[in-house]
Every structure is written in C-alpha cells, then in structure tokens.
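Colleague: this one's sequence-less:
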C-alpha cells in the first residue's frame, strides 16, 4: 500500500509541476510546447542521474524510488522512463531491441495520436 501511495503522491506532484511549467511557457512564449520539451529533457536527465545514483552510490527505500522515478518523474514526463528503458537496452548490448523499441515507439506513438485525432474529426 505504501508503494502505491508513493507513486500516487509523486505522480500528482510531477503532473502539477508540468502544469505550472506549461502555464509559465504559455505566458512567456504564448505556446506550450517549449514546456513539454523542457520537462522531457529535465526528466531524462533526472531519471538518468537518480538511476545511476541509486545503482552506484546510495541505497534508498523502494517506496522512495517509486515516489521519485515512477511517481514524480512519471507524472512530470513519461519520456524519461522511455529514455531510461532505451539506455538500459544499450547498456545490456541489446542494440536490435533498442532500435525496434525506439523506432516503433515513435512511429506507433505518433500514428496512434494521429488516428485518435482522425477518429474524432468526423
């Protein structure tokens, strides 16, 4: 139960941060996508940093890992998780799986978004 609560709270905080950054971006640039770009890149850096820190330097409880990585960074951006999974494939020498996963995620993700729009167009 503590693990679920950790993800829930972290996700809410991460999503709130993304919302605030988007509002600031809209106020400053009159568009939202710079915020998406910024949170995706920041999330990628943070998940890499935390993953390395937890693997090599410090030990923290599982519920704190879930709060930070799955909750906070997952709520901030799922792109960070996607990037970490890709990096893990590369570290494990699974280059073909990395290529298939990355290319298919981009193509199928964009296609699914397009078809979602297309279905609601009519």
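Modeller: That came through, no problem. What you are looking at is a predicted structure, and each value in this text was computed from that prediction instead of being measured. Numbering: from 1, shown residues only.

Colleague: Ramachandran coordinates for the spatially most central residue of the chain?
Modeller: The chain has residue 78 as the residue nearest its centroid, 2.4 Å off, counting by C-alpha atoms, centre = their mean. Residue 78 adopts backbone torsions of phi -80, psi -10, taken as degrees, to the nearest 10.

Colleague: next one: residue 30
Modeller: Backbone phi and psi, for residue 30 under degrees, to the nearest 10, turn out to be phi 70, psi 10.

Colleague: Please report the distance of it from residue 41.
Modeller: Distance, residue 30 to residue 41, by C-beta to C-beta, to the nearest Å: 21 Å. (Glycine included, C-beta is placed from N, CA and C.)

Colleague: More neighbours: which of the two?
Modeller: residue 41 (14 against 7; other C-beta atoms under 10 Å).

Colleague: Check the more buried one and give its pLDDT.
Modeller: pLDDT, residue 41: 89.

Colleague: Quick check: which element contains it?
Modeller: In the assignment (DSSP states H and E), residue 41 maps to helix 33-56.

Colleague: Buried by neighbour count: which residues of that helix qualify?
Modeller: 35, 36, 38, 39, 40, 42, 43, 44, 46, 47, 50, 51 (16 or more other C-beta atoms under 10 Å).

Colleague: Could you check how far the residue nearest to the centre of the chain is from residue 120?
Modeller: For residue 78, the distance to residue 120 - C-beta to C-beta - is 22 Å.
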